[in-house]
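1. quick one, what's the 3D model for this:
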Amino acid sequence: MTEPSFLKMLKGVTALSVTSVLILLSFSALAQTVETESTHLPVALYRGCAVWVGDYALYIGGRTEAEQQDTIIKYDPHTHEAENLTTKLPTPRGSISCVWTGQYVYIFAGTYSGSNLNDILRFDPDTGIIEKMQEVLPMNLTGTSAVWHDSKAYIFGGHNESKVFSDQALVYDPSAGTVTNLSSRLVTPRAGTSAVSDGTRIYIFGGRNVTTVYTDIMELDPDADTLELMASRLPHPTYHMSAVWDGEYAYVFGGADLTSRSDEILRFDPHHDDIGVLSVHLPTPRELTKAAWNGTVAYIFGGKNAGESYDDIVTFDPHGVVHEEEPEPNALLCLSVLLGLVILIAVIMLASPKRKKE
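-> Predicted coordinates:
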């Protein structure tokens with residue numbers, strides 16, 4: 001008996017659906033979310049700062065294993081070039097923080113030749129001009145973190161040459177030319193934090209003082225000038241990590257405790273006050289990286305492990321990344337599987353011979 005043409009068609013669709021599922025599974029298994037770029041920094045660097053300035057990233061200052069740097073490095077992922085700009089910092093400096101305003105890069109404090117700094121620098125990428133601002137921070141600081149939020153820079157923690165750690169949250173307003181203290185303070189004095197802004201709140205991660213490394217995640221409401229501890233905490237005491245905000249989550253890269261470095265990538269969901277370790281990792285354990293977010297991926301620059309520093313540029317794409325302990329379904333894959341099952345059931349029912357009435 002000849003098989004009906006519509007049945008052949010259904011079987012063909014079923015085969016196509018199953019093939020699509022297998023292809024999707026293959027792509028899912030092969031997807032790479034952490035990659036090391038072919039381009040490298042001119043030298044191995046750590047303790048600098050990084051920002052994305054529209055079409056490219058800047059890595060500013062920092063140090064090699066031998067000395068501090070006064071360089072500003074431009075990394076262009078479109079041309080795959082990383083090169084030193086002709087503009088230099090006024091002095092070499094490391095352990096700095098910086099923010100991008102949409103027009104200027106502001107660079108805060110740091111350390112140079114054994115002395116900490118309190119100055120604020122402004123760099124204009126369009127003109128290549130760097131200036132020292134009249135305003136200064138209230139104390140010489142190294143190891144701060146900073147974010148740009150609502151037309152102001154917020155600078156957190158740090159310490160001076162005497163290892164006196166700060167619990168201050170400083171606000172630099174370039175339009176007013178002022179540096180002020182929030183009344184809110186970090187829960188303890190500390191340096192080596194990282195911070196992100198979601199446009200409404202600022203989240204500050206970890207940090208350390210002389211003897212203690214913290215697991216804290218703090219939430220700052222700049223408008224209300226209130227700071228609270230989140231219920232969730234970092235999986236391990238961590239400082240000297242880097243972090244980015246992707247519009248929905250914060251991602252935290254690497255870092256250290258008092259004895260070792262981490263290769264973990266964490267995802268923090270402030271809406272559900274939840275943090276977890278991702279199934280992907282940095283190429284090696286490292287601290288003192290700096291990260292910049294371009295709207296799609298994060299670029300993580302350099303860093304240091306015990307006795308070794310890095311010149312690599314690591315790309316992290318959060319698309320498709322899931323918690324190890326709580327996998328998220330792939331919507332397209334689930335839909336394809338469901339469609340294949342429905343068609344398969346329909347084919348079986350249609351192909352089954354009907355029993356004659358007795």
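2. let me see the contact set for residue 108.
-> 96, 97, 98, 120, 137, 141, 144, 146, 153, 155, 172 (Cβ atoms under 8 Å, 6 or more residues apart in numbering). Every C-beta, even on glycine, is put in place using the N, C-alpha and C of the backbone.
3. looking at those, which are in strands?
-> 97, 98, 120, 137, 141, 146, 153, 155, 172 (DSSP state E).
4. end to end on stretch 183-192, go ahead and measure it.
-> With Cα to Cα, to the nearest Å as the measure, stretch 183-192 spans 21 Å from end to end.
5. so after the helix-or-strand element of the chain with minimal mean pLDDT, what's the next helix or strand?
-> Counting by mean pLDDT, DSSP states H and E, the chain has its least confident helix or strand at helix 5-30, which shows a mean of 42. Where DSSP states H and E defines the elements, the next helix or strand beyond helix 5-30 is strand 34-40.
6. go through that following strand and flag the buried ones.
-> Of the residues in strand 34-40, 34, 37, 39 count as buried by neighbour count, 16 or more other Cβ atoms under 10 Å.
7. go through those residues and name the one nearest residue 244.
-> Of all the buried residues of strand 34-40, residue 244 sits closest to residue 34, with 13.6 Å by Cβ to Cβ.
8. now the closest one: closest residue in space, sequence neighbours ignored.
-> residue 280 (4.7 Å; Cβ to Cβ, 6 or more residues apart in numbering).
9. try residue 49
-> In space, residue 49 is closest to residue 98, 4.0 Å off (Cβ to Cβ, 6+ apart).
10. would you map the helices across the chain?
-> 5-30, 331-351 (DSSP state H).
11. now do the strands in the stretch 201-350 of the chain.
-> In the stretch 201-350 of the chain, the strands defined using DSSP state E, counting those that start in this stretch lie at 202-205, 217-221, 226-229, 242-245, 250-253, 264-269, 274-281, 290-293, 298-301, 304-305, 308-309, 312-316.
12. how far off centre is the first one?
-> Centroid displacement of strand 202-205 relative to its chain, using Cα atoms, centre = their mean, to the nearest Å, is 12 Å.
13. quick one: strands adjacent to it?
-> strand 194-197 (antiparallel), strand 217-221 (antiparallel) (DSSP bridges).
14. distance to residue 239, mean pLDDT and mean neighbour count added to those strands, as a markdown table?
-> Shown next, in a markdown table, are the strands paired with strand 202-205 (distance: least, Cβ to Cβ, whole Å; pLDDT from 0 to 100; neighbours: other Cβ atoms under 10 Å):
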| stretch | distance to residue 239 | mean pLDDT | mean neighbour count |
| --- | --- | --- | --- |
| strand 194-197 | 9 | 98 | 24 |
| strand 217-221 | 13 | 98 | 19 |
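15. need these in TSV (columns: distance to residue 301).
-> Formatted as TSV, the strands paired with strand 202-205 follow (distance: least, Cβ to Cβ, whole Å):
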stretch	distance to residue 301
strand 194-197	14
strand 217-221	24
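16. so which of the ones you listed comes closest to residue 306?
-> Using Cβ to Cβ, the strands paired with strand 202-205 put strand 194-197 closest to residue 306, at 20.6 Å.
17. what sits against residue 296?
-> Residue 296 neighbours (Cβ under 8 Å, 6+ apart): residue 317.
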